[in-house]
Every structure is written in structure tokens, then in C-alpha cells.
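Enquirer: what's the 3D shape of this:
(4 chains)
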2 protein chains.
Amino acid sequence: MDQRLDAVFTALADATRRDIVARLSAGDATVKELAEPYAMSLQAVSQHLQVLERSGLISRGRHRQTRPCRLEPAVLDEALAWIGESRRTWTERMDRLENRLVQLQESRDD
Amino acid sequence: MDQRLDAVFTALADATRRDIVARLSAGDATVKELAEPYAMSLQAVSQHLQVLERSGLISRGRHRQTRPCRLEPAVLDEALAWIGESRRTWTERMDRLENRLVQLQESRDD
DNA sequence: CGCTTACTCAAGCACTCGCTTTATCAAGCG
DNA sequence: CGCTTGATAAAGCGAGTGCTTGAGTAAGCG
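Expert: Residues are numbered from 1 along each chain as shown, chains lettered A, B, ... in the order given. Predicted coordinates for the structure are as follows:
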């Protein structure tokens, strides 16, 4: 689990890879199609896709001589869940703090 | 924005730093307190905290000779929003696909 | 004042990252 | 068969990461 989150957040820590994920969320694409907008070699994009694949964020098939890429949202959900959990804990703590302050205020008003 | 997301996801791409974030979500802590459970030097933890601070995930004050660390949820929210957006786009596309399939099914039944 | 505590700075080391270039492979086309 | 297309493999390079040890700083305590 730790290793999977390592891989997902590492994969998302690069602007090019985030852009690829965003584009794949709108539909599958081949390596060439994905590489087209970037000012870098096809090989570099292929390496980015390997990072994304290793993290589980995308999967790849074979169709003729292309390797179509597809977003796999399951790992995205794990990342979402992890961040959400820390966020929730923080919020609950703040709520408790606020309640305590309100109680203090009320007891002083007595 | 891209740079901020780079920094946040890079910060979250390490299990020790994720653990620190999770612990800070439950309450502020000093460097020494945070370092205590890990089998690494205090300096190493201090460096992890610098990464977290640069990303905006935590802030640090000064109190006597300690540097209390505090989670700042704003950047966490940005990461949450980014992932959520890709997730949402994917889900909507799947919904549209399903609708089209249902329509195909219905037109065949006519 | 000296001593401890809490922490940072700096240098060094093994390792990884992002990208390049060159070479290679596998599928389809003439 | 040769040739192009889509993609991967391998090697190398500069920059960055994670950690260490050693030294330094700043605040509190006797």
C-alpha cells in the first residue's frame, strides 16, 4: 500500500505526466498522439508512460502496431482517499477546537 | 500552479513524509516529537520537513527553542481538487458511453 | 559564564529522475 | 523482400533525492 502510494504520487509529481493523465481521462490515446503536443522526444513520453503504467494509473493494450493507453481510476481513488483522510482528520480536530472555544465563551457568559 | 502541484505530489511521494502529514493532521508537533518513531537521524527528518514546508503543506513557527510544525490544508485541497477533476472527467465519459450503449440496445429492441 | 536542548547548515555519497541519442524490434505496405 | 511507422531498449548525462556525519546556532538552565 505504501509502495503503491509512493508510485502514484511520484507519477503525479511531474507536470507532463499529470497532463497525460488529464488527457487520458477524456479518452484513450496512443503514444504518438500523447507525445504530439510536447517539445520532447517520443522516447521521453514513452518513459513517462512506463512510470504511469508501473504506478497502475494507466494500462496499455496492443492494437496493430500501436499501444493504446487507458486511464485506470482505481489507483487515482486510492490517492484521493489518502489525502481525503488526512484532510478529514484535520477538519474534525478544528471542529472540536471550535466547540471547546464556544463552550469556554458560554461558561464565561454564565 | 503546476509548480505547486509538482511540489505537493513530490512531498507526498515519500512514505515518511506522508506519515508526518497524517500525524500532523491530528495535531501540531515539534521536530523532535516527529522524528522519534523513525529509524533515521533528526537531520533527515528536518530535511523532510523542509520539503513539506517548501510545498506549502506545513508551516512552522517558533516557540522557545522549538519549531512547532502545523499542517496547512489549503495545498492538500489543491491536490484533492486536481485528482478529483481527472476522476470526474473519466466518470462522465463512462456515463456517456453507457448511455450510448443503452440507446443502442433500445433502438435494437424497436 | 558554561552546559544542555532543539534544531539547522554543509559536505559527501549512493542512487534515482528526466531527458537525450543511438540502436532495435514488430507490424503493416509496396 | 525492402521500407516506413509506432514503439521500446540501452547507455549516458546533468540535476536532484535521501540519508549520513560533523559542525554551528540559538534559547533556556544551572
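Enquirer: who's in contact with stretch A:83-100?
Expert: Here stretch A:83-100 makes contact (Cβ atoms under 8 Å, 6 or more residues apart in numbering or on different chains) with B:12, B:21-22, B:25-27, B:71, B:73, B:76-77, B:79-80, B:83. Backbone N, C-alpha and C define where each C-beta goes, glycine included.
Enquirer: Which of those residues ranks first by neighbour count?
Expert: With neighbours defined as other Cβ atoms under 10 Å in any protein chain shown, the most crowded of the contacts of stretch A:83-100 is residue B:12; it has 29 neighbours.
Enquirer: Give me the pLDDT value at the closest residue to that one other than its chain neighbours.
Expert: Once flanking residues are discounted, residue B:12 sits nearest to residue A:9: 4.3 Å by Cβ to Cβ, 6 or more residues apart in numbering or on different chains. For residue A:9, the pLDDT comes out at 98.
Enquirer: Tell me the secondary structure at residue A:9.
Expert: Recorded secondary structure, residue A:9: helix (DSSP: H, G, I helix; E, B strand; the rest coil).
Enquirer: If you count neighbours, what's buried in the longest helix along chain A?
Expert: Scanning chain A for the longest helix, with DSSP state H as the assignment, gives helix A:73-109. Residues A:73, A:75-76, A:79-80, A:82-83, A:86-87, A:89-90 are the ones in helix A:73-109 that count as buried (16 or more other Cβ atoms under 10 Å in any protein chain shown).
Enquirer: for it, the distance to its chain's centre please.
Expert: Here helix A:73-109 is found 22 Å from its chain centre; the criterion is Cα atoms, centre = their mean, to the nearest Å.
Enquirer: got it, and stretch A:100-110?
Expert: 43 Å.
Enquirer: Check what pLDDT the residue most central in space within chain A gets.
Expert: Chain A has residue A:76 as the residue nearest its centroid, 4.9 Å off, counting by Cα atoms, centre = their mean. Looking at residue A:76, its pLDDT is 95.
Enquirer: can you list the residues of chain A near DNA strand C?
Expert: A:10, A:13-14, A:16, A:39-41, A:43-44, A:47-48, A:51, A:64-65 (Cβ under 7 Å from any atom of the strand).
Enquirer: What number of residues are in the vicinity of residue A:19?
Expert: Other residues near residue A:19 come to 15 when the count uses other Cβ under 10 Å.
Enquirer: and the helix or strand where it lies, what other elements does it pack with?
Expert: Secondary structure from DSSP states H and E places residue A:19 in helix A:15-25. Here helix A:15-25 touches helix A:2-12, helix A:31-35, helix A:42-55, strand A:69-71, helix B:2-12, helix B:73-109, going by 3 or more Cβ pairs under 8 Å, 6 or more residues apart in numbering or on different chains; DSSP states H and E.
Enquirer: If anything else comes up later, I'll come back, but that's it for now.
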